[in-house]
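Asks: how would this look folded up:
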Amino acid sequence: MQKKITFAFLTVIAIITLSCTALIHNPSTIYGQNGDKNISNTVYDLINNGMLAKTLSNNLVNYINESASVLEITSMIPEVGNAQYADKINSSLHGIADNNDIEKRQIADNILKHGNTFGAIFFLLPNGDMYMEEPYELQLNLTRNNFAFRDYYKGAIETKQPFLGDAIVSAATGERIAVISIPIYMEKDKSLLGIWSGVLNLSKFNDMLQSLSLPDDIRVIYVDGNGQKVADSNSLVSNKSESFVDLISFKNGKSGKDGNTTEVINGTKFLVSYAPVEILSKTWVIMAMIKSG
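Replies: Residues are numbered from 1 along each chain as shown. Reported below is the predicted structural model:
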């Protein structure tokens, strides 16, 4: 019976992931269509009237919501919340061995196999110790064993809800990532069983923005709650770390506002259209920029 339940849950995962991908890559979500009538404006108009930033904000909210749903659904599987091999944690392995808790590892592998939303799935014990991570190679590459200092751990504990962490440098790969974490509680006494987490593939965010094929004088960026760049439509600088924390557009977006303003960035004047991305107890900001001088 349990195998049938697990299979049913993983079937739902596949459907959710596919619907998420279709939503994000549908051009009509950006330019708009109504039957055979195309009601698109130029991208410059979409920036000036704020529609590009707002539409991309809505898309990103949907994308992250769907990603969190995958984790929430699988967190209900009994094998996920059970850390029965916690006594076998090996500090040199940064968790349990790959032949321990096969059921949980298989569930994680199925999530990774059914879509490219996540680059890794892991489970933390209530104290923040790493229990397991898939792919296992990433677990072996970790540089520490406890992650209670991370915002995705603290946020999940404090809110008792799915939580989106800001962009960080992975302790396993050295790449920039963001983590969605789901706290799992005992049904009877509401004690914390652990935290089930997915590592968002930020390169996917870059691909989403760069697929818009924007003109050279237009740039769109996703910025996390600390003002750090998460993704960039400009492929030449998408892997470059940048902070936008001092910009008026970021500050306004972080406070939940949307609108347009003029900013000077690295000596160049831009018209910036901005919109907040309010999701999972976090506010990120989208900024669409046009060179204006």
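Asks: got any ranges where this structure has weak pLDDT?
Replies: Low-confidence segments of the chain (pLDDT under 70): 1-41, 293.
Asks: longest strand in it, please.
Replies: strand 268-279 (DSSP state E).
Asks: give me the helices and strands touching that one, please.
Replies: If you count contacts as 3 or more Cβ pairs under 8 Å, 6 or more residues apart in numbering; DSSP states H and E, strand 268-279 packs onto helix 43-48, helix 51-75, helix 248-254, strand 259-265, strand 282-291. C-beta: built from backbone N, CA, C; applies to glycine.
Asks: which of these sits most buried?
Replies: Among the helices and strands packed on strand 268-279, strand 282-291 has the highest mean neighbour count (mean count of other Cβ atoms under 10 Å), at a mean of 23.
Asks: now do it against strand 268-279, angle only.
Replies: Angle of strand 282-291 versus strand 268-279, following axes from the mean of the first three to the mean of the last three Cα atoms, to 10 degrees, is 150 degrees.
Asks: that older thread, how far does the longest strand of the chain sit from its chain's centre?
Replies: Put simply, strand 268-279 sits 19 Å off its chain's centre (Cα atoms, centre = their mean, to the nearest Å).
Asks: so what strands line up beside that strand?
Replies: Neighbouring strands of strand 268-279 in its sheet, by DSSP bridges, are strand 259-265 (antiparallel), strand 282-291 (antiparallel).
Asks: got the CA coordinates for the last one in PDB?
Replies: Same thing as strand 282-291. Provided in PDB are the C-alpha atoms of strand 282-291 (Å, rounded to 0.1, in the frame of the first residue of the first chain):
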ATOM      1  CA  LYS A 282      10.100  36.800   1.400                       C
ATOM      2  CA  THR A 283      10.200  39.800  -0.900                       C
ATOM      3  CA  TRP A 284      12.400  39.800  -3.900                       C
ATOM      4  CA  VAL A 285      12.400  42.600  -6.600                       C
ATOM      5  CA  ILE A 286      12.300  42.600 -10.300                       C
ATOM      6  CA  MET A 287      13.900  45.500 -12.200                       C
ATOM      7  CA  ALA A 288      13.600  46.300 -15.900                       C
ATOM      8  CA  MET A 289      16.100  48.900 -17.100                       C
ATOM      9  CA  ILE A 290      16.400  51.000 -20.200                       C
ATOM     10  CA  LYS A 291      19.500  53.200 -20.800                       C
END
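Asks: give me the angle between it and helix 51-75.
Replies: 150 degrees.
Asks: heads up, I number from 446, so please use that
Replies: OK, 446 is where the count begins now, so the last one is strand 727-736.
Asks: centre of the chain to strand 727-736, how far?
Replies: Taking mean C-alpha positions (Cα atoms, centre = their mean), strand 727-736 and its chain are 16 Å apart.
Asks: and for the first one?
Replies: Once both centres are worked out by Cα atoms, centre = their mean, strand 704-710 turns out to sit 26 Å from its chain's centre.
Asks: got a list of contacts for that strand?
Replies: 493, 495, 689, 692-694, 697, 714-719, 734, 737 (Cβ atoms under 8 Å, 6 or more residues apart in numbering).
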